[in-house]
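Q: just need the structure, nothing else, for what follows:
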Amino acid sequence: MINVTAVDQADNTGIATVNVTVDTTGPGLTVVSPLSGSVITSSQVTAVFSTGDDTSGVDRIEISVDGGPAKTVSAVTTSHVLTGLADGPHTVTLKVFDRAGNSATATVSFRVDTSFVSPSGPYGYGGIAALAIVVLGAAVHVYLALRLRRQGSRPPPPAPPSSP
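A: Numbering: from 1, shown residues only. Have a look, this model is predicted:
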């Protein structure tokens, strides 16, 4: 609380009181998804998070991917879609600022895997199994075709001897 007393040249006095709250506490930030260490099977990921600040209120949120430039989103945003992520590891950093200038940071690391033949990709072991079936089917087809070709190119068997 701040009290101010003013006195003018005629000895008139005025008093004013102002309540002041000093915010030295950073805002809250929780990343809901993606989970750190998870494997994402799409090049598009939705970061879901929650923020809060009971003292001065949330001012803004910044999101950056792999150390790139931060994108600023509004204080009421609770999710953001990240697109065009290449296969491999990625790190998303979220930073929330309150109106007093305090901040909190959270980082989540995950891996994107969209490969058809990867066990952790979108098709799991099914992609590998499908590829194995196709290769096996092609091998059987080639084997049978070669076998039929060989049988067709053999000279005819000799005629049995005729009886006198």
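Q: how far away from the center of its chain is stretch 69-80?
A: 15 Å (Cα atoms, centre = their mean, to the nearest Å).
Q: send the alpha carbons of it over as CSV?
A: The C-alpha coordinates for stretch 69-80 follow below in CSV (Å, rounded to 0.1, in the frame of the first residue of the first chain):
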residue,chain,number,x,y,z
PRO,A,69,12.2,-18.2,-34.7
ALA,A,70,9.4,-18.0,-32.1
LYS,A,71,5.8,-17.5,-33.1
THR,A,72,3.8,-15.4,-30.7
VAL,A,73,0.2,-16.6,-29.9
SER,A,74,-2.4,-15.0,-27.8
ALA,A,75,-2.6,-15.4,-24.0
VAL,A,76,-5.8,-17.5,-24.3
THR,A,77,-4.3,-20.0,-26.7
THR,A,78,-4.2,-23.6,-25.5
SER,A,79,-3.0,-25.5,-28.6
HIS,A,80,-1.0,-24.8,-31.7
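Q: which outside residues touch it?
A: 46-51, 57-64, 93, 95 (Cβ atoms under 8 Å, 6 or more residues apart in numbering). Every residue, glycine included, has its C-beta placed from N, CA and C.
Q: contact partners for residue 44?
A: 81, 82, 83, 84, 85.
Q: number of nearby residues for the second one?
A: By the measure other Cβ atoms under 10 Å, the count of residues near residue 82 is 18.
Q: next: the first one.
A: Residue 81 has 8 neighbouring residues, counting by other Cβ under 10 Å.
Q: phi and psi next, for the residue lying closest to it once chain neighbours are set aside.
A: Taking Cβ to Cβ, 6 or more residues apart in numbering as the measure, residue 81 lies nearest to residue 46, with 5.2 Å between them; neighbours along the chain are not counted. Phi and psi for residue 46, reported as degrees, to the nearest 10, are phi -100, psi 120.
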